[in-house]
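Q: Pasted the sequence and its predicted model underneath.
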Amino acid sequence: MTQTDKSAPAASTRQGPLAVYRQRVAAGDLNSDPDQARVIERLDQLWRELAAMPDRPAQAPAPDNGARGLFSGRVSRLRPQAVAPRPARPRGLYIVGRVGRGKTMVMDLFYACAPVRQKERLHFLRFMQDVHQRLFELKRDNPSMTDPIPPLAKSIAGRATLLCFDEFQVNDIADAMILGRLFEALFACGVVIVATSNTEPSQLFQNRPGADAFKPFIAIIRRELDTIELDSPRDYRRGREQDQETWLVPADTRSSQQLQHVFRRYAAGQKIEPVTLQYSGRSFEIEQAAGPVCRFGFNSLCGRPLGPNDYLALAKRFPVVVIEDIPCMGQDEANLARRFITLIDALYDNGNLLFASAEAPPDKLFTQGEGSDAFARTASRLAEMGSESWLEHGAQAAQAAHSLSRA
């Protein structure tokens, strides 16, 4: 088992993360790592502080609108509600370090043990995507509302006393302008935050237009969270049978060769052959497939009339998808873009690994034309699908599918 394994420990919240970590080391599931142990000791302190707090009564859920997780339920037509006074909130933690050092693993170990009924663990890009959507809905449905951030923060705090963010980063000026006031409101509501990041707080959003306006948020992070470095000398991702570069630009000969290497690696010696998927009275011809992986050119996936059911069948059958030659799309190629959005939604919701070559980064693929505004959500999902934690989970699913195909 690799050091960045994210499987939840089989432990109740009566056991802290340090005890669980030591058990897993003793069992041989993890290698002993002094730097990781030091960070887990700090997380164990937070676990004890949370355990000592009186548990907040569960809040009645808002009406369900079909969504799941932190942002499920409606906050439109939201009326201000009094928030009961809370005991002093423990300081959260900002875990920073280079990739592959086990930041996600230690946070997930803590999250599984956290003695909090209302908690949420999510990728930070996904969180910000949902924040923008909820702010839009609040302003649309409450035209007289002058400031939607306080009610949004109360809605979030009503569902999660503990928020754990994986891969905290700030690359967008719109995010930067929201974060300071939103986090200030969340902390005022008693929310505890733990985050992992590759970037020191002082370097978030620096050397960008608007960086000076972001400095108050950095001050809030320093005031409310303890920054702790996890910089083990060993990169636990190196040597694993998986590639880390998922989005290759440009789509040239080098990228094609690299994707061929990815395809053969996940095929693991199984025969490469055409596969026909049968579902709901339809069939889907796949020219190149082997075990858990399939490979396409962009036009063969998005240049023909395929829809959600087709892409969902593909996602469920193949944990790993390789796509070559994704182009930039303009005003006259909205249909291509819509199919690509639908494809990525299916892969994202199913947790697939995606390796692709493209003419440009995701946020530059479709900037003008009908639906280009909605493409920002797809670009955000593609960024998350290249993250360390996503790759870890996807590799496990691919390995399980490979074992079944060999059986």
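A: Cool, the structure landed. All of these numbers come straight from a predicted model, not from anything done at the bench.

Q: which intervals of this structure have sub-threshold pLDDT?
A: Along the chain, segments meeting pLDDT under 70 span 1-13, 55-87, 234-244, 399-407.

Q: could you pull out the strands for it?
A: 92-96, 119-123, 162-166, 192-197, 225-229, 247-248, 273-279, 282-290, 293-297, 320-326, 353-358 (DSSP state E).

Q: So which residue is smack in the middle of the protein?
A: By Cα atoms, centre = their mean, the mean C-alpha position of the chain lies nearest to residue 123, the distance being 3.1 Å.

Q: what would the strands of the chain look like in a markdown table with distance to residue 308?
A: From N, CA and C alone the C-beta is placed, and that goes for glycine too. Below are the strands of the chain laid out as a markdown table (distance: least, Cβ to Cβ, whole Å):
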| stretch | distance to residue 308 |
| --- | --- |
| strand 92-96 | 38 |
| strand 119-123 | 23 |
| strand 162-166 | 28 |
| strand 192-197 | 33 |
| strand 225-229 | 40 |
| strand 247-248 | 23 |
| strand 273-279 | 12 |
| strand 282-290 | 12 |
| strand 293-297 | 17 |
| strand 320-326 | 15 |
| strand 353-358 | 17 |
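
Q: which one of the ones you listed lies closest to residue 306?
A: strand 282-290 (7.6 Å; Cβ to Cβ).

Q: Pull the distance from that closest one to the chain's centre.
A: 29 Å (Cα atoms, centre = their mean, to the nearest Å).

Q: can you list contacts of that strand?
A: Strand 282-290 has contacts (Cβ atoms under 8 Å, 6 or more residues apart in numbering) with 263, 266-267, 270-277, 294-296, 300, 306, 309-310, 313-314, 318.

Q: And for stretch 371-383?
A: The contact list for stretch 371-383, computed with Cβ under 8 Å, 6+ apart, reads 125-126, 128-129, 247, 334, 337-338, 340-341, 344-345, 348, 354, 361-363, 365-367.

Q: If we go by neighbour counts, what in that stretch is buried?
A: 372, 375-383 (16 or more other Cβ atoms under 10 Å).

Q: that older thread, buried subset of the contacts of strand 282-290?
A: Buried members of the contacts of strand 282-290, scored by 16+ other Cβ under 10 Å, are 263, 266-267, 270, 277, 294-296, 300, 306, 310, 313-314, 318.

Q: What about residue 176, how many residues nearby?
A: By the criterion of other Cβ atoms under 10 Å, residue 176 has 19 neighbours.

Q: Next up, the contacts around the residue nearest to it when sequence neighbours are not counted.
A: Leaving aside its sequence neighbours, residue 176 sits nearest to residue 214 (Cβ to Cβ, 6 or more residues apart in numbering; 4.6 Å). Going by Cβ under 8 Å, 6+ apart, residue 214 touches 170, 176, 179-180, 204-205.

Q: Go through those residues and name the one nearest residue 106.
A: Residue 106 has its nearest neighbour among those in residue 204, at 20.7 Å by Cβ to Cβ.

Q: Quick check: phi and psi on the closest residue in space to the closest one that isn't next to it in sequence?
A: The shortest distance from residue 204 to any non-neighbouring residue, by Cβ to Cβ, 6+ apart, is to residue 170 (5.0 Å). Dihedral angles of residue 170 (phi, psi; degrees, to the nearest 10) stand at phi -130, psi 110.

Q: Contacts only, for residue 170.
A: By Cβ under 8 Å, 6+ apart, residue 170 lies in contact with 176, 179, 204-205, 214.

Q: Could you do residue 297 as well?
A: Listed by Cβ under 8 Å, 6+ apart, the contact set of residue 297 reads 323-325.

Q: Do I have it right that residue 224 meets residue 193?
A: Yes. Counting by Cβ atoms under 8 Å, residue 193 is a contact partner of residue 224 at 7.3 Å.

Q: Tell me which of those two has more neighbours.
A: More crowded of residue 224 and residue 193, by other Cβ under 10 Å: residue 193, with 21 against 18.

Q: Now do the helices in the stretch 251-400 of the chain.
A: 253-267, 298-302, 308-317, 334-350, 375-385, 388-406 (DSSP state H, counting those that start in this stretch).

Q: Compare the ones you listed and give me the one nearest residue 151.
A: helix 375-385 (22.7 Å).

Q: Next, the angle helix 334-350 makes with the closest one.
A: Going by axes from the mean of the first three to the mean of the last three Cα atoms, to 10 degrees, helix 375-385 is angled at 40 degrees with respect to helix 334-350.

Q: Quick one: work out the angle between helix 375-385 and strand 119-123.
A: Interaxial angle, helix 375-385 versus strand 119-123 (the same axes, to 10 degrees): 100 degrees.

Q: could I get helix 375-385 in CSV with only the CA atoms?
A: What follows is helix 375-385, C-alpha atoms only, in CSV (Å, rounded to 0.1, in the frame of the first residue of the first chain):
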residue,chain,number,x,y,z
PHE,A,375,-17.6,25.7,-19.7
ALA,A,376,-15.8,27.3,-16.7
ARG,A,377,-17.4,24.5,-14.6
THR,A,378,-16.0,21.9,-16.9
ALA,A,379,-12.5,23.5,-16.8
SER,A,380,-12.7,23.4,-13.0
ARG,A,381,-13.7,19.7,-13.0
LEU,A,382,-10.8,18.9,-15.4
ALA,A,383,-8.4,20.6,-13.0
GLU,A,384,-9.7,18.5,-10.1
MET,A,385,-9.4,15.4,-12.2
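
Q: Max pairwise distance over the buried ones among the contacts of strand 282-290: which two?
A: The span of the buried ones among the contacts of strand 282-290, defined through Cβ to Cβ, is set by 270 and 306 at 25.1 Å.
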